[in-house]
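Asks: sequence unknown, structure follows:
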């Protein structure tokens, strides 16, 4: 299943609906979720905690400052695994490859189904290229 939103919508509000539809192999949830600072919200972290998923999301400076300003009531800083976070660059490179298609980068398509078809076609071409490049 693919969730397509308006091009100007932010990614973070769609985090929980995406996680609800996510399947990793036969399992319905991943072991960990890697995200950039935009995904560091109380709601997203609470969702991950409730479902037993490790959040590998750095805490933005403003959230750090607010927590420290509150003192002991601010709570502990969220756990962050820098070694796991390094793997996030693979995803970013994948997005850069997808954005090489001008239509996908600028979201020219007015219908979500046409945009989704372009994303799927881009993925199929990348998969075929992978198959021909591997020995």
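Replies: Received it, and whenever you're ready, just let me know what you need. For clarity, every value in this text was computed on a predicted model and none was experimentally measured.

Asks: Do a quick rundown of the strands in the protein.
Replies: When assigned using DSSP state E, the strands of the chain occupy the ranges 32-34, 54-56.

Asks: Can I get those in JSON lines including mean pLDDT, mean neighbour count and distance to residue 26?
Replies: The way it works is simple: take the backbone N, C-alpha and C, and place the C-beta from them, glycine included. As requested, those are arranged in JSON lines below (pLDDT from 0 to 100; neighbours: other C-beta atoms under 10 Å; distance: least, C-beta to C-beta, whole Å):
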{"stretch": "strand 32-34", "mean pLDDT": "89", "mean neighbour count": "17", "distance to residue 26": "18"}
{"stretch": "strand 54-56", "mean pLDDT": "91", "mean neighbour count": "19", "distance to residue 26": "20"}
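
Asks: could these be laid out in TSV, adding distance to residue 83?
Replies: Below are the strands of the chain laid out as TSV (distance: least, C-beta to C-beta, whole Å):
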stretch	distance to residue 83
strand 32-34	11
strand 54-56	9
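
Asks: and residue 72, which of these is closest to it?
Replies: strand 54-56 (22.4 Å; C-beta to C-beta).

Asks: So which elements touch the closest one?
Replies: With contacts taken as 3 or more C-beta pairs under 8 Å, 6 or more residues apart in numbering; DSSP states H and E, strand 54-56 sits against strand 32-34, helix 42-50, helix 82-85.

Asks: hmm, try it at 6 Å
Replies: In terms of contact count using 3 or more C-beta pairs under 6 Å, 6 or more residues apart in numbering; DSSP states H and E, strand 54-56 is assigned the packing partners strand 32-34.

Asks: elements contacting the strand it packs on?
Replies: Helices and strands in packing contact with strand 32-34 are listed as strand 54-56; criterion 3+ C-beta pairs under 6 Å, 6+ apart.

Asks: what about 8 Å?
Replies: For strand 32-34, the packing partners by 3+ C-beta pairs under 8 Å, 6+ apart are strand 54-56, helix 82-85.
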